[in-house]
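S.K.: Generate a structure from the sequence data that follows.
(chains A and B)
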Amino acid sequence: MRTISKDRLISEMERLVVEAATVLDDKVVACLRNGQGQEPGERARHILGEILENQAIARTTSIPICQDTGVAVVFVELGRDLHLDFDLTEALNEGVRRGYQNGYLRKSVVRHPLDRVNTKDNTPAVIHLSLVPGDRLRIRFAPKGAGSENMSRLAMLTPADGIEGIVRFVLETVKLAGGKACPPIILGIGIGGNFEKCALIAKEALFREVDDRAENPIDRALEERLFEEVNKLGIGPMGLSGVTTCLAVKVNSAACHIASLPVAVNIQCHAARHKETVL
Amino acid sequence: MRNLLLPLSESVRLSLRAGDEVTLSGDLYTGRDAAHKLMVQALEKGEPLPFPLNGETIYYTGPTPAKPGQIIGSCGPTSSYRMDPYSPILMKHGLKVMIGKGPRSEAFRRSLVENRAVYLDVTGGIGALLSQRVKAMELIAYPWLESEAIYRLRIENFPAIVAYDSAGNDVFTF
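M.R.: Numbers count the residues shown, from 1 in each chain, chains lettered A, B, ... in the order given. Model (predicted):
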């Protein structure tokens, strides 16, 4: 049976953490550049110019793109034919710990929401594990900042609300977020599932490539409609008006109860950082 | 574009209008959620503040740690609305300029006008660029808060937009 060493997993996790904080994905950069080209307003173009210049500086100097280097969110797909002779959660947290310490990243995690004592190493990570066929280990990592996370919302709609209810809720959420979520944003939208499943698929939607499209035609049509309607709101870069309010909309769907229509909107700021590796 | 010297004089402060693009140079203090809570608690107990608020500037940021040889790490603005419960109390005690990102509450805006103060907006998520406009950093208070501690920064040509002016105008779409 195939195996991988604990040390290798830890060092890969550390690498993902440091790279994600400093190197913005080329496709996201291309979207920002495209947005800049479409903005009629000078202020919006100027802000997008600052964002583009910033990611170039981050890339060459290894200074983090944003000071909010987030909570570590990790999606792990564990091949059922891979044998691990160590505690996976502990090893992932050790990689996160080393990445945040050795990469000079901000430690933004408190041990309890009310006593608010910083854990000083950015652990624990939020880890989602699933078992899959094969003998590989896929790790997807995103440092999720609070600016956009705080503006995310979930609603338990009813089947009668339908697609119009979903669109209304998404637009309302984006308007409430306004300039607070650091637009241009990317929307991760979950529809269906139950209360927690819906939030989880919304989060996972943010890990999709910025230029991909949903496979399911219903979800794909919803992505297209929302992309258009959100960008008609006029919120613009940093909420100072413009046509670039969102760079992409990602809809993930799941089966749900006959009585339910859950919808979750997870907002991602323009520093859309995520990295993955397969071991 | 106007280059403004911090701390701002009253005449400059009152001349600013929402939408003005400016650059800032001079000294300011950092502070965000935890430091605001501690400062307001100190005022409630009648204790002295870590620095005199009179006419001063607070920038809402929690930078990443500086690497060896650097002055500061990534140091962009955090969302300002979270400081809304505290800002009116600090303004009552002399705070005049706040710098952060994003829209704020109506209560904050009213308090800003009453205190003839100003709120400036800096583009969020450009902390690497902004780190190059910081020329000195000194720890002032609450060291155990680390990134959330209060630091004095000397900045140069720091880009900002007047978001809420002392006459009650604001620049945000929503």
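S.K.: quick one, phi/psi of the residue nearest to residue A:159 when sequence neighbours are not counted?
M.R.: Closest residue to residue A:159 apart from its sequence neighbours, by C-beta to C-beta, 6 or more residues apart in numbering or on different chains: residue A:261 at 5.3 Å. Bear in mind the C-beta positions are built from the backbone N, C-alpha and C, glycine included. Main-chain torsions, residue A:261, degrees, to the nearest 10: phi -140, psi 80.
S.K.: residue ranges of the helices in chain B, please?
M.R.: With DSSP state H as the criterion, chain B has helices at B:10-15, B:33-44, B:87-92, B:106-114, B:127-131.
S.K.: among those, which is the most enclosed?
M.R.: Sort those by mean neighbour count, taking mean count of other C-beta atoms under 10 Å in any protein chain shown, and helix B:127-131 sits at the top with a mean of 27.
S.K.: show me the contacts for the residue nearest the centre of chain A.
M.R.: The centre of chain A sits closest to residue A:206, judged by C-alpha atoms, centre = their mean, with a distance of 4.1 Å. Applying C-beta atoms under 8 Å, 6 or more residues apart in numbering or on different chains to residue A:206 gives the contacts A:142, A:186, A:188, A:250, A:266, A:268, A:272, A:274.
S.K.: give me the element the fourth one is part of.
M.R.: This means residue A:250. Here residue A:250 sits within strand A:246-254, counting by DSSP states H and E.
S.K.: mind checking how far the residue located most distally from the centre of chain B is from residue A:104?
M.R.: For chain B, the largest distance from the centre (C-alpha atoms, centre = their mean) belongs to residue B:68, which lies 26.0 Å off. To residue A:104, residue B:68 is 9 Å away according to C-beta to C-beta, to the nearest Å.
S.K.: How about residue A:148?
M.R.: Residue A:148 is 23 Å from residue A:104, by C-beta to C-beta.
S.K.: So which of the two has more stuff around it?
M.R.: Between residue A:148 and residue A:104, counted using other C-beta atoms under 10 Å in any protein chain shown, residue A:148 has the larger neighbour count: 30 against 20.
S.K.: quick check: mean pLDDT across the helix or strand where the more buried one lies?
M.R.: Element membership for residue A:148, per DSSP H and E: helix A:146-149. Averaged across helix A:146-149, the pLDDT comes to 97.
S.K.: and if you look at stretch B:88-95?
M.R.: 98.
S.K.: cool, stretch A:109-127 as well?
M.R.: So the average pLDDT for stretch A:109-127 ends up being 97.
S.K.: Skipping adjacent residues, who's closest to the residue positioned nearest the centre of chain B in space?
M.R.: Note on chain B: the residue nearest the mean C-alpha position is residue B:59, at 2.4 Å, using C-alpha atoms, centre = their mean. Spatial nearest neighbour of residue B:59, chain neighbours left out: residue B:99 (4.4 Å); criterion: C-beta to C-beta, 6+ apart.
S.K.: near chain B, which residues of the stretch 1-150 of chain A show up?
M.R.: A:43, A:46-47, A:50-51, A:53-55, A:57-58, A:61-69, A:104-108, A:116, A:118, A:120, A:146-147, A:150 (C-beta under 8 Å from any C-beta of the partner chain).
S.K.: rerun that using 7 Å as the cut-off
M.R.: Within reach of chain B by C-beta under 7 Å from any C-beta of the partner chain, the stretch 1-150 of chain A has these residues: A:47, A:50-51, A:53-54, A:57-58, A:61, A:63-67, A:69, A:104-106, A:118, A:147.
S.K.: Pull out the buried members of those.
M.R.: A:47, A:50-51, A:54, A:57-58, A:63-67, A:69, A:104-106, A:118, A:147 (16 or more other C-beta atoms under 10 Å in any protein chain shown).
S.K.: now residue B:17, nearest residue through space, not along the chain?
M.R.: Residue B:17's closest residue in space is residue B:165 (C-beta to C-beta, 6+ apart), at 5.2 Å.
S.K.: What of residue A:68?
M.R.: residue A:145 is the one closest to residue A:68 (C-beta to C-beta, 6+ apart), at 3.7 Å.
S.K.: burial of that neighbour, as a residue count?
M.R.: 26.
S.K.: Make sure it is actually in contact with residue A:66.
M.R.: Yes. Assessed by C-beta atoms under 7 Å, residue A:145 is found in contact with residue A:66 at 6.3 Å.
S.K.: which neighbours do the two share?
M.R.: Taking C-beta atoms under 7 Å, 6 or more residues apart in numbering or on different chains as the criterion, residue A:145 and residue A:66 both touch residue A:271.
S.K.: So for residue B:173, what's the pLDDT?
M.R.: Value for residue B:173, per-residue pLDDT: 69.
S.K.: Please report how far residue A:260 lies from chain B.
M.R.: To chain B, residue A:260 is 30 Å away according to C-beta to the nearest C-beta, to the nearest Å.
S.K.: quick one: contacts for that residue?
M.R.: A:156, A:194.
S.K.: For it, grab phi and psi.
M.R.: phi -120, psi 150.
S.K.: For the residue nearest to residue B:59, the count of nearby residues, please.
M.R.: 24.
S.K.: Pull the number of nearby residues for residue 5.
M.R.: Going with chain A. Residue A:5, neighbours per other C-beta under 10 Å, totals 13.
S.K.: Please refer instead to chain B.
M.R.: 11.
S.K.: same thing with residue A:195?
M.R.: Neighbours of residue A:195 using other C-beta under 10 Å come to 12.
S.K.: ok, it touching residue A:264?
M.R.: No. The criterion here is C-beta under 7 Å, and residue A:195 misses it with residue A:264 at 8.9 Å.
S.K.: ok, which stretches of chain A are strands?
M.R.: Assigned by DSSP state E, the strands in chain A fall at A:2-3, A:71-79, A:82-83, A:126-132, A:137-144, A:153-157, A:185-192, A:246-254, A:261-268, A:275-278.
S.K.: With mean neighbour count and distance to residue B:137 added, can I get the ones you listed in TSV?
M.R.: Below are the strands of chain A laid out as TSV (neighbours: other C-beta atoms under 10 Å in any protein chain shown; distance: least, C-beta to C-beta, whole Å):
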stretch	mean neighbour count	distance to residue B:137
strand A:2-3	11	47
strand A:71-79	20	25
strand A:82-83	14	46
strand A:126-132	13	31
strand A:137-144	22	23
strand A:153-157	17	37
strand A:185-192	25	31
strand A:246-254	23	33
strand A:261-268	26	30
strand A:275-278	15	29
